[in-house]
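Trainee: quick check, what structure comes out for this input:
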Amino acid sequence: MDASALFLGVLFSSIGLGFFIYGRKQQKPVPLVCGLALMIYPYFVSTTLPLVAIGAILTALPYFVRL
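Mentor: Below is the predicted model:
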């Protein structure tokens, strides 16, 4: 694990925490689930390119899917 993967993991986890708090307070399932996924997936992905790709998809998903 290199420094860039560690930094990206912290970045996407903090975005996930924001989505999780927002989804819980507004009772919206999509940001809640995306927030949980953003906080958990950096533990399983250690290379930089998949880390950025999955993080970008999960970050943009609540914007496009509104339930």
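Trainee: okay, now the unreliable bits of the protein?
Mentor: 1 (pLDDT under 70).
Trainee: how far does the lengthiest helix in it sit from the chain's center?
Mentor: Criterion DSSP state H: the longest helix present in the chain is helix 3-26. From the chain centre to the centre of helix 3-26 is a distance of 5 Å (CA atoms, centre = their mean, to the nearest Å).
Trainee: stretch 19-31: how far from the chain's middle?
Mentor: 13 Å.
Trainee: list the buried residues in that stretch.
Mentor: For stretch 19-31, burial by neighbour count (16 or more other CB atoms under 10 Å) applies to 19, 20, 23, 28, 30, 31. Heads up, the C-betas are built off the backbone N, CA and C, glycines and all.
Trainee: name the helices or strands packed onto the longest helix of the chain?
Mentor: helix 29-40, helix 48-64 (3 or more CB pairs under 8 Å, 6 or more residues apart in numbering; DSSP states H and E).
Trainee: which one of those lies nearest to residue 2?
Mentor: For those, proximity to residue 2 was assessed by CB to CB; helix 48-64 is nearest, at 7.4 Å.
Trainee: picking up where we left off before, which single one of the buried residues of stretch 19-31 is nearest to residue 64?
Mentor: Nearest member of the buried residues of stretch 19-31 to residue 64, counting by CB to CB, is residue 30, at 9.3 Å.
Trainee: mind putting the buried residues of stretch 19-31 into a markdown table with distance to residue 10?
Mentor: Listed next are those as a markdown table, based on distance: CB to CB, whole Å:
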| residue | distance to residue 10 |
| --- | --- |
| 19 | 15 |
| 20 | 15 |
| 23 | 20 |
| 28 | 25 |
| 30 | 23 |
| 31 | 20 |
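Trainee: spatially speaking, which residue is in the middle of the protein?
Mentor: Nearest to the geometric centre of the chain sits residue 38, at 2.3 Å (CA atoms, centre = their mean).
Trainee: contact partners for the residue lying farthest from the centre of the chain?
Mentor: Distance from the centre of the chain peaks at residue 2, with 19.3 Å (CA atoms, centre = their mean). Counting by CB atoms under 8 Å, 6 or more residues apart in numbering, residue 2 makes contact with residue 48.
Trainee: if anything else comes up later, I'll come back, but that's it for now.
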